[in-house]
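Undergrad: sequence first, predicted coordinates after that:
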Amino acid sequence: MAEEIAQTQSAPAECLIRTPGEINRIVHELQVHQIELELQNEELRNTLNELDTSRSHFFDFYDRAPVGYCTLNHEGLILQANLTAARLLSFERRSLLKHDFTRLIYSEDRDIFYLLRMKQGHGKSFWAQLNAIAAHDETGEPVLRIVLIDISVLKRNEEALRIAAIAFESQEGIMVSTPDGVIIKVNQAFTTLTGYSAAEAIGKTPHLLSSGQHNKAFYQSMWSTLQQTGYWQGEIWNRRKNGHIFAEWLTISQVTAPDGRVSHYVGTFSDITANEKAAAEIHRLAYYDLLTQLPNRRLLEDRLGQALASASRNKQKGAILFLDLDNFKVINDTCGHAVGDLLLVEVARRLLQVVRKGDTVARLGGDEFVVLLEDLSADTQQTTVLIEQIGAKILTELARPYLFEGYEFHCTASIGASVYSERDETSEALLGHADIAMYHSKKAGRNALSFFDPAMQAAVSLRAALEKDLRHALEQRQFLLHFQSQVCHDGKIIGAEVLLRWHHPVRGMVSPLDFIPLAEDTGLILPIGQWVLDTACRQLKLWECDAATSHLQLAVNVSARQFRQADFVELVKQTIARHAIKPALLKLELTESLVLDDVDDTITKMTRLKEIGLRFSMDDFGTGYSSLAYLTRLPLDQLKIDQSFVRNMDVKPRNAVIVQTIIGMANNLGMEVIAEGVESEAQRHYLELQGCPCCQGYLFSKPVPIEQFETLLARS
C-alpha cells in the first residue's frame with residue numbers, strides 16, 4: 001500500500017486520476033490494515049493481562065508457600081522475604097528488610113549450612129533446615145536465595161525416638177507385632193530370654209514360643225480380653241529355642257492409630273520361673289510329651305547317650321526301633337484331631353505293654369515313636385532274633401482294631417531297626433539309620449520291620465547328593481528341553497511334546513526317572529516347572545514369525561504339585577502374556593491321578609484357562625481310573641492313549657480293544673485323540689484305520705534337542 005502511494009506521488013499529474021474501483025480497493029485495504037492493527041493491540045493487551053495475572057499468582061504462591069524464602073545481598077542483609085519466612089521468624093515483613101540474617105541464627109550454629117536453630121522475634125527459637133543458592137538480581141548484583149524449613153517437629157520426634165529406643169532395650173523382653181500377629185521387631189532382652197535372634201523371630205508369629213501347655217480356650221480368653229480392653233496381663237508358659245520351658249509374666253498392649261484402628265501389639269515379658277514347683281513342671285514339660293506322657297526327643301537322646309556308653313562298657317548290643325503309623329493321616333483328617341489324639345495315646349499304651357521293663361518308649365512328634373532296646377546280647381545273631389521277636393509283637397499289637405466313640409479303626413505301623421554295639425556311634429546317626437530303614441518298610445508294603453544296612457545308606461546318600469545338585473541346576477542353566485514330534489496321518493509334524501532333560505556337568509545326562517520324583521518331593525518342581533513353561537512359550541514366540549512353523553503346537557506336562565498351587569491359573573496367564581503367544585498353540589498335559597485328586601478344583605482351573613484359549617490333553621489315558629462320570633465334566637481338548645496299550649496291540653487283543661474304545665469315546669465326546677509310543681508302521685496304520693490320525697513315538701522321532709527337531713520339521 002505504501003509503495004502505491006509513493007508511486008502516486010511521483011507520477012505525472014495525469015496518472016493521479018483514479019477510477020472509482022481503484023479508490024474502493026485502496027479504502028478496503030486501509031480498513032483491513034486498521035483491523036489487523038486493532039487485533040494486534042488486543043492480543044498485546046491480553047498478553048499483558050495474562051502476565052499480570054501470572055505475576056499475581058506467582059506472588060500469591062511465593063508469599064503463601066509452605067516454606068520460607070529470603071533473598072540476601074552480599075553483606076547478608078535481607079532484601080526480600082515472603083510471608084511464611086516472616087511468620088516463622090515472628091517478624092513483620094517490613095521489619096525483616098535490611099535485617100542481618102546471621103543475627104537470627106544461634107551463634108554456635110552460624111558455621112552450619114543446614115539443620116540449625118533460628119531465633120524468633122519474640123525471643124524464642126525453632127529448629128530449621130536452610131538451603132542456599134547463589135544467584136544474581138536483575139541488576140547483576142550477587143545475591144543469596146535462602147529456603148527456610150521449620151523442622152522443629154522432626155527434631156522433637158527424633159528425641160522421642162531416642163528415648164523410646166533406650167526404653168525398648170530394657171531388661172524385659174519386648175516384641176512388636178502387626179494386627180494379624182506377625183512379629184516385626186524384638187529387643188535384645190527378647191533374644192536373651194528366648195534364644196531366638198531378631199532374624200529368626202521377625203516374620204513369624206508368637207506361636208514360635210508356644211510350649212503346647214495352654215489349650216485353645218486359654219488363648220481365646222486372652223484375645224477376647226485384649227479386644228475388649230486393649231490390654232492383657234498374666235502368667236504364661238513358653239518354650240525357648242533350645243527346647244527349655246519357662247514361665248513368664250506377659251503384658252500385651254494395643255497400639256491404636258489416630259483413626260482408632262489397631263496398628264500394632266506390644267508384648268513385654270520377664271522370666272518368673274523361680275520356685276521348685278515351677279522347676280519341676282518345667283522339667284516335665286521339657287522332657288516329656290504332653291499328650292502321651294512318653295519321653296520326648298530330648299530325653300530319648302539323653303537316654304540313648306547313656307545306652308551307648310553302657311554298651312561300650314558291657315560289650316552288649318542294643319537297637320533303635322523307629323515307628324511310623326501307616327494310616328494315621330487318613331484317620332486324623334477324616335475323623336478329626338480328637339480321634340487322632342486318642343489313637344496316639346492308645347498306641348503309646350500298647351507299646352509300653354509290649355516292650356521289656358527298662359526299655360524306653362518315646363514319642364518324637366506327630367505319629368513317630370521310637371523304642372530304645374538295651375542289653376540285648378553280645379552275639380549279633382541272637383540280637384537280630386530278639387529284635388525280630390519284639391518287632392513282631394509290636395506289629396501284632398498295633399494292628400489290633402482300635403475302638404473310639406463306638407467306631408472301629410485300623411492302623412498298622414512301619415518299623416526300621418538300627419543296631420548299636422560297642423563301636424563308636426552317635427545318637428543322631430543311629431536315629432537317622434533307623435529312619436531310613438523305616439522308609440524301606442514303607443516301600444516294602446508297610447506293616448513290616450526292616451533292618452538298616454549300608455546299601456540303604458548309600459542310596460540315601462546318593463539321593464542327598466542328587467538333591468544338592470538339583471537345587472543348583474536351574475540357576476546354573478543345566479536344564480534343557482527335548483522335543484518329540486507329534487505327527488498327523490499325512491506325515492506332517494503338527495507340534496511336539498516338550499520333555500525336560502538335565503545335563504549334569506559331571507554325571508552327564510541324568511534320567512528323568514531319577515530327578516523328576518526328587519523334584520516333586522522337595523518342591524523344586526515348582527520353579528523347574530515354571531522354567532519349562534517359560535521356555536516352551538519362548539519357543540512358540542520364535543516360531544510365530546515363520547509361516548512354516550507358526551502353526552506348531554507344544555504340549556507341556558504339568559505336575560500335580562504345580563497344578564495345585566493356589567495361584568497356578570494366574571502364573572500361567574502371566575507367562576502367556578509375558579511372551580505374547582497365541583494361547584491355542586499351548587497344550588497342558590494332565591494325568592488322570594492329578595485330575596481325580598480334586599475334580600472340582602481341576603474343572604475350575606481348567607475352565608478359567610480355557611477362557612483365554614488354552615488347550616488341555618489328558619496324558620496316559622486308560623492307565624488310571626477312567627470313567628465317563630468325570631470325563632464328560634472336564635473341558636478337555638484331547639485324550640492321549642498310553643504307550644502301554646499301543647505297544648502290545650498286536651500281541652494282546654485286549655489292548656487293541658482298549659485302544660478302539662478310547663478312540664471311539666474321544667470321537668463321541670468331540671475330543672481329539674493322539675497315541676504315544678508308536679514304533680512301527682503297522683501300529684500307525686491300525687490307529688489311523690480306527691480313527692486316530694495323530695501319533696507320537698520312535699517311528700517318527702525320539703525326543704531331540706531343538707536344533708534336530710527343526711531339521712525334522714524342514715524334512716516333513
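TA: Looks like it arrived, so ask away.
Undergrad: distance of the residue nearest to residue 697 when sequence neighbours are not counted from residue 699?
TA: What sits nearest to residue 697 in space, not counting adjacent residues and going by Cβ to Cβ, 6 or more residues apart in numbering, is residue 678, at 3.5 Å. Where you see a C-beta, it was placed from the backbone N, CA and C, and this is true even at glycine. Using Cβ to Cβ, to the nearest Å, residue 678 is found at 5 Å from residue 699.
Undergrad: can you pull the residues that touch both of the two?
TA: residue 684 (Cβ atoms under 8 Å, 6 or more residues apart in numbering).
Undergrad: looking at those two, which is more packed in?
TA: Ranked by neighbour count (other Cβ atoms under 10 Å), residue 678 and residue 699 place residue 678 first, with 26 against 16.
Undergrad: tally of neighbours for the nearest residue to residue 398 once chain neighbours are set aside?
TA: Computed as Cβ to Cβ, 6+ apart, the closest residue to residue 398 that is not its neighbour in sequence is residue 413, at 4.8 Å. Neighbours of residue 413 under the rule other Cβ under 10 Å: 27.
Undergrad: can you check residue 516 too?
TA: 17.
Undergrad: shouldn't it be within a strand?
TA: No: under DSSP: H, G, I helix; E, B strand; the rest coil, residue 516 falls outside any strand and is assigned helix.
Undergrad: against residue 565, how distant is it?
TA: In terms of Cβ to Cβ, residue 516 sits 17 Å off from residue 565.
Undergrad: over to residue 64?
TA: 56 Å.
Undergrad: more neighbours: which of the two?
TA: Neighbour totals were compared for residue 64 and residue 565, and residue 565 leads with 14 against 10 (other Cβ under 10 Å).
Undergrad: surely that one meets residue 571?
TA: Yes: the pair residue 565 / residue 571 is scored as a contact, 7.0 Å apart, by Cβ atoms under 8 Å.
Undergrad: burial measure for residue 681, as a count.
TA: Residue 681: 9 neighbours (other Cβ under 10 Å).
Undergrad: excluding chain neighbours, what is closest to it?
TA: Here the residue nearest residue 681, using Cβ to Cβ, 6+ apart, is residue 699, at 6.8 Å.
Undergrad: show me what contacts the one you found?
TA: 678, 679, 680, 681, 683, 684.
Undergrad: ok, now residue 480?
TA: So residue 480 contacts 501, 503, 705 (Cβ under 8 Å, 6+ apart).
Undergrad: columns distance to residue 560 and secondary structure on top of the residues you listed, output as CSV?
TA: Converted to CSV, the contacts of residue 480 look like this (distance: Cβ to Cβ, whole Å; DSSP: H, G, I helix; E, B strand; the rest coil):
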residue, distance to residue 560, secondary structure
501, 21, strand
503, 26, strand
705, 28, coil
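Undergrad: buried ones only from the residues you listed, please, as a ChimeraX command.
TA: The buried subset of these, as determined by 16 or more other Cβ atoms under 10 Å, is captured in ChimeraX by this line:
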select :501
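Undergrad: excluding sequence neighbours, find me the nearest residue to residue 144.
TA: residue 72 (4.4 Å).
Undergrad: can you name the residues bridging to the one you found?
TA: For residue 72, the beta-bridge partners are residue 78, residue 144 (DSSP bridges).
Undergrad: ok, it touching residue 146?
TA: Yes: using Cβ under 8 Å, residue 72 is in contact with residue 146, at 6.4 Å.
Undergrad: which residues do these two both contact?
TA: residue 101.
Undergrad: can you classify residue 234 by secondary structure?
TA: Classification of residue 234 using three-state DSSP returns strand.
Undergrad: the nearest residue to it once chain neighbours are set aside is in what secondary structure piece?
TA: For residue 234, ignoring the flanking residues on the chain, the nearest one in space by Cβ to Cβ, 6+ apart is residue 250 at 6.5 Å. Assessed by DSSP states H and E, residue 250 sits inside strand 245-256.
Undergrad: which helix or strand lies directly C-terminal to that strand?
TA: Past strand 245-256, the next helix or strand by DSSP H and E is strand 262-271.
Undergrad: give me the sheet partners of that next one and which way each runs.
TA: By DSSP bridges, strand 262-271 pairs with strand 173-177 (antiparallel), strand 245-256 (antiparallel).
Undergrad: residue 486 is nearest to which of the ones you listed?
TA: Minimum separation from residue 486 across these (Cβ to Cβ) falls at strand 173-177, 54.9 Å.
Undergrad: right, and the helix or strand after the closest one?
TA: strand 183-186.
Undergrad: lovely, talk soon.
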